[in-house]
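> sequence below, structure please.
(one chain, ligands or ions: 3)
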Amino acid sequence: MTKNQDRMKSHTMELPRQIVVGEKNINEFGEFLHNLTKPKKISLISGIHVKKILRQRIEKSLKIKKIKFVWHTSKDNQISTLNKIQKDVKRDHSDMIAGIGGGRSVDTAKLISFNLGIPFVSVPTAASHDGVSSPFVSVKSDKPHSIVATAPLGVFVDIDIIKKAPSRLLASGCGDLVANIIAVKDWQLGHQKTGEYYGTYSAELAMMSAMMVIDNSSKYAKNGLDARVIVEALISAGVASCIAGSSRPCSGAEHLFSHALDKIAPGKGLHGEKCGIGSIMIAKLQGQDWKKIIKTLKNVGAPTTAKQIGLTEDQIIDALVIAQDLRPERYTILKEIEMTERKAKSLAKSTKVI
Ligand SMILES: NC(=O)C1=CN([C@@H]2O[C@H](COP(=O)(O)OP(=O)(O)OC[C@H]3O[C@@H](n4cnc5c(N)ncnc54)[C@H](OP(=O)(O)O)[C@@H]3O)[C@@H](O)[C@H]2O)C=CC1
Ligand SMILES: O=C(CO)COP(=O)(O)O
Ligand SMILES: [Zn+2]
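Ligands and ions are numbered 1, 2, ... in the order given. You can find the predicted model right below:
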């Protein structure tokens, strides 16, 4: 095998075996699982709001297929919560796990699946970010970025549920998609400057998923967001990460900014909202059309200023200053400039983020 082929080999990861995106199809969840691996017992991980909405229909679909089930509640991102759920899931002796909900529940299922070596399926109930089909998990630790776990064996989406989720979550998903424009540009820069692997196909797939929002955003401003387009774009972005073997096509300096805010102002704003705001400022540093990013985010109802997500000027400035140090091995445009407080303030002001 040539050196390049070998490098390519090391850069790909498993992909979901089956992705179903339907409408009012939650009653077919049991059949989906039966066709996937014929599980005898499944551990269901969800939050309290989502469980209330879906419990009846999910249980009915499992009973029809004679799949036993145990529910587990994901209430926060704490490692202690995850460890407790993992201990309980282990006692289930199930042969499948499901993460049902937003990123928190899907991430919890993803990490427990990886730790216990039990396959999992992702059942996103909100199109809020691209972790739905990726192998990456955002764990709360001193390393504030995602780590590799395992991709879902299957992804099951009921668009009707996504549509009925709080609209803020769908807008947040758009922010995470727009971020790909910045991330790919940073990946190209890293490839030029350090010779790191650059996967054209996965980069173009990530760009395509971002353009699905950017090209349609004025239509969304008039007629509302198209949940199917956005969730399929997020799935494509997650698949792009799988193919790239890293979050590189979907995470550049704008994500470093978001992770910095996770440290500076935990709980303020959704992941995709912070990435969207970071995209505005980093686009300007990259010489990209940052005004077009503001227009897109406004069209989809995503925040474009610190104030809109309860952040102060100083928090934005501090996040820009520390961002690159959170992941020194990931080359981004922030490595090309010394981001002082003065420069950070001027950048945030000139893009109307503060
Ligand atoms: N793996 C990855 O690549 C990434 C992972 N993440 C992680 O994802 C999490 C953020 O995900 P995000 O989705 O933004 O936030 P959450 O998963 O915290 O979901 C936000 C809230 O929305 C609720 N919700 C979800 N779906 C519905 C619905 N259909 N109807 C009503 N309420 C609903 C949830 O309810 P309930 O409480 O019942 O769950 C929760 O209270 C963080 O933990 C972050 O670390 C972020 C980026 C990337
Ligand atoms: O959020 C992600 C991609 O959208 C994951 O990226 P990170 O690797 O920066 O956590
Ligand atoms: Zn993201």
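> how many residues are close by I309?
18 (other CB atoms under 10 Å). Any C-beta I mention is one placed from the backbone N, CA and C, and that applies to glycine too.
> does it touch Q315 like I think?
No. In terms of CB atoms under 8 Å, I309 does not count as a neighbour of Q315; the distance is 10.0 Å.
> overlap in contacts of those two?
K268 (CB atoms under 8 Å, 6 or more residues apart in numbering).
> pretty sure D88 belongs to a helix, no?
Yes. Using DSSP: H, G, I helix; E, B strand; the rest coil, the assignment for D88 is a helix.
> quick check: it vs T108, distance?
12 Å (CB to CB, to the nearest Å).
> what's near enough to touch the nearest residue to R17 once chain neighbours are set aside?
Of all residues not flanking R17 in the chain, L153 sits nearest, at 5.4 Å (CB to CB, 6 or more residues apart in numbering). By CB under 8 Å, 6+ apart, the contact list for L153 reads 16-18, 36-37, 119-121.
> one more: F32?
18, 20, 121, 154, 156.
> and the furthest pair within these?
Using CB to CB, those span at most 9.8 Å, a distance reached by V20 and V121.
> which one of the two has more residues nearby?
Neighbour count, other CB under 10 Å: between V20 and V121, V121 has more, with 28 against 18.
> surely the more buried one is within a helix?
No. Per three-state DSSP, V121 lies outside any helix segment and is strand.
> these two touch, right, it and V155?
Yes. Assessed by CB under 8 Å, V121 is found in contact with V155 at 7.0 Å.
> packing partners for the longest helix along the chain?
In the chain, with assignment by DSSP state H, the single longest helix is helix 167-194. Packing partners of helix 167-194 (3 or more CB pairs under 8 Å, 6 or more residues apart in numbering; DSSP states H and E): helix 200-214, helix 227-244, helix 253-264, helix 271-286, helix 290-300.
> what about 10 Å?
helix 103-116, helix 159-164, helix 200-214, helix 217-223, helix 227-244, helix 253-264, helix 271-286, helix 290-300 (3 or more CB pairs under 10 Å, 6 or more residues apart in numbering; DSSP states H and E).
> tell me the buried residues in the third one?
Of the residues in helix 200-214, 202-203, 205-207, 209-210, 212-214 count as buried by neighbour count, 16 or more other CB atoms under 10 Å.
> residues from the protein in reach of ligand 2?
Applying CB under 6 Å from any ligand atom, we find that the chain lies next to ligand 2 at 129-130, 136, 138, 145-146, 176, 247, 250-251, 255.
> now those as CSV including pLDDT, distance to ligand 1 and neighbour count?
Shown next, in CSV, are these (pLDDT from 0 to 100; distance: CB to the nearest ligand atom, whole Å; neighbours: other CB atoms under 10 Å):
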residue, pLDDT, distance to ligand 1, neighbour count
H129, 93, 4, 28
D130, 95, 6, 32
F136, 92, 4, 24
S138, 86, 3, 23
H145, 77, 9, 18
S146, 85, 5, 21
D176, 98, 7, 35
S247, 95, 7, 26
C250, 98, 8, 35
S251, 97, 8, 29
H255, 97, 9, 31
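> so which of those are also by ligand 3?
Restricting the residues of the chain next to ligand 2 to those near ligand 3 by CB under 5 Å from the ion leaves 129, 176.
> now that M208 has come up, it's in contact with V229, right?
No. Assessed by CB atoms under 10 Å, M208 is found out of contact with V229, at 11.8 Å.
> quick one: the residue of the stretch 151-300 of the chain found nearest ligand 1 from L225, how far?
The nearest approach of the stretch 151-300 of the chain to ligand 1 comes at A165, 3.4 Å away (CB to the nearest ligand atom). Counting by CB to CB, the gap from A165 to L225 is 11 Å.
> quick check: domain ranges of this structure?
As recorded under the TED database, the domains making up the chain are 18-164, 167-351.
> how far does the shortest one stretch from start to finish?
With CA to CA, to the nearest Å applied, domain 18-164 spans 24 Å between its terminal residues.
> what's near enough to touch the spatially closest residue to T332 that is not a sequence neighbour?
In this structure, T332 finds its nearest non-sequential neighbour in A253, 3.7 Å apart by CB to CB, 6+ apart. Taking CB atoms under 10 Å, 6 or more residues apart in numbering, we find A253 in contact with 179, 182-183, 185-186, 189, 278-279, 281-283, 285-286, 320, 323-324, 327, 330-335, 339.
> ranking helices and strands of this structure by mean pLDDT, which lands last?
Lowest on mean pLDDT, DSSP states H and E among the helices and strands of the chain sits helix 3-10, with a mean of 41.
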